[in-house]
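Student: Need a 3D model of the following:
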Amino acid sequence: MSDLLAAIEAEALAEFAKALDHYASLTDSGSALDRIGIFQALARCNEKLGRLRDAGGWRRKAGQGYLALRDDEMGKDERQYLALVEYRNAVQDLTGDSSLQDVAKEYAAVLKENFSAGAEGLTHEGLFAGAFFRSVGDHLTAAKYFFDTAEAMSEQATSSGDAALRETTILTYERAMEAATKAGRPDVARVSQMRAYDLKQIK
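Tutor: Now for the predicted structure:
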């Protein structure tokens, strides 16, 4: 039986260690997209087995794989977003690992590209980024993503009249204010505070 078929059947039966053995022999074969699929499979199996450090390494390779694709293989916006998803998984898996700082830098670069046109449609990614960078002590980057995401959420909350979204937006501005204060950016902190105050006045 081919390694690919054996790997997929083993994974389908939740025999993750067995699947890993077969997937590991496939990392250099197939198209660029096929290899990304293998990296993702290796990450999934390692995650199921609780081997998060190994999983994080494969998630990182999947993210790098997406970024390396050519335009004729996948559109830029799609591959940038899919890379972002893989890097988000990678930094989660690598929490506390010595490689996290290097991966966090790559994650920050992918985030920046995805947010170049604004935070609209990226609310969850922006909130996660703010929380992640705050957790590793990068308060300046945390402030950026909390603030930019709150700006997009504020427009949605105001136009929709959604009280729960408005409350979440207020809390996000407050987190931006705290992070900006710690980062030495009182200007951003003041604007965040004012935005939160204005939203609180809406009945």
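Student: where's the residue nearest to the spatial centre of the chain, which helix or strand?
Tutor: Nearest to the mean C-alpha position of the chain, by Cα atoms, centre = their mean, lies R88 at 2.8 Å. Following DSSP states H and E, one finds R88 within helix 76-93.
Student: And A108, by the same measure?
Tutor: Here A108, judged by DSSP H and E, is contained in helix 100-114.
Student: Buried ones in that helix, by neighbour count?
Tutor: Across helix 100-114, burial judged by 16 or more other Cβ atoms under 10 Å covers 100, 103-104, 106-108, 110-111, 114. For glycine as for every other residue, the C-beta is placed from the backbone atoms N, C-alpha and C.
Student: so for whatever helix or strand comes next after it, what's the average pLDDT?
Tutor: Note on helix 100-114: by DSSP H and E, the next helix or strand toward the C-terminus is helix 123-135. Taken as a whole, helix 123-135 has a mean pLDDT of 97.
Student: name the helices or strands packed onto the next helix or strand after helix 123-135?
Tutor: Tracing the chain C-terminally past helix 123-135 and defining elements by DSSP H and E, one meets helix 139-160 next. When contacts are defined as 3 or more Cβ pairs under 8 Å, 6 or more residues apart in numbering; DSSP states H and E, helix 139-160 packs onto helix 123-135, helix 163-182, helix 186-200.
Student: Verify the contact between A10 and D3 for me.
Tutor: No. Using Cβ atoms under 8 Å, A10 is not in contact with D3; the gap is 10.2 Å.
Student: Now render the helices and strands packed on helix 139-160 as a markdown table, adding distance to N46 and mean neighbour count.
Tutor: Below are these laid out as a markdown table (distance: least, Cβ to Cβ, whole Å; neighbours: other Cβ atoms under 10 Å):
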| stretch | distance to N46 | mean neighbour count |
| --- | --- | --- |
| helix 123-135 | 21 | 19 |
| helix 163-182 | 32 | 20 |
| helix 186-200 | 39 | 16 |
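Student: Adding distance to G50, write those helices out as CSV.
Tutor: Converted to CSV, the helices and strands packed on helix 139-160 look like this (distance: least, Cβ to Cβ, whole Å):
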stretch, distance to G50
helix 123-135, 21
helix 163-182, 31
helix 186-200, 39
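Student: A152: which of those is closest?
Tutor: In terms of Cβ to Cβ, the element of the helices and strands packed on helix 139-160 nearest to A152 is helix 123-135, at 6.4 Å.
Student: Which neighbouring elements make contact with the closest one?
Tutor: In this structure, helix 123-135 makes packing contacts with helix 76-93, helix 100-114, helix 139-160, helix 163-182, judged by 3+ Cβ pairs under 8 Å, 6+ apart.
Student: Contacts for the first one next, please.
Tutor: Contacting residues not belonging to helix 76-93 are listed as 40, 43, 47, 52-53, 55-57, 59-60, 62-64, 66-67, 69, 74, 100, 103-104, 106-107, 110-111, 113-114, 125, 128, 132 [Cβ atoms under 8 Å, 6 or more residues apart in numbering].
Student: What count of nearby residues applies to the nearest residue to V191 once chain neighbours are set aside?
Tutor: Closest residue to V191 apart from its sequence neighbours, by Cβ to Cβ, 6 or more residues apart in numbering: F147 at 7.7 Å. Close neighbours of F147, defined as other Cβ atoms under 10 Å, add up to 25.
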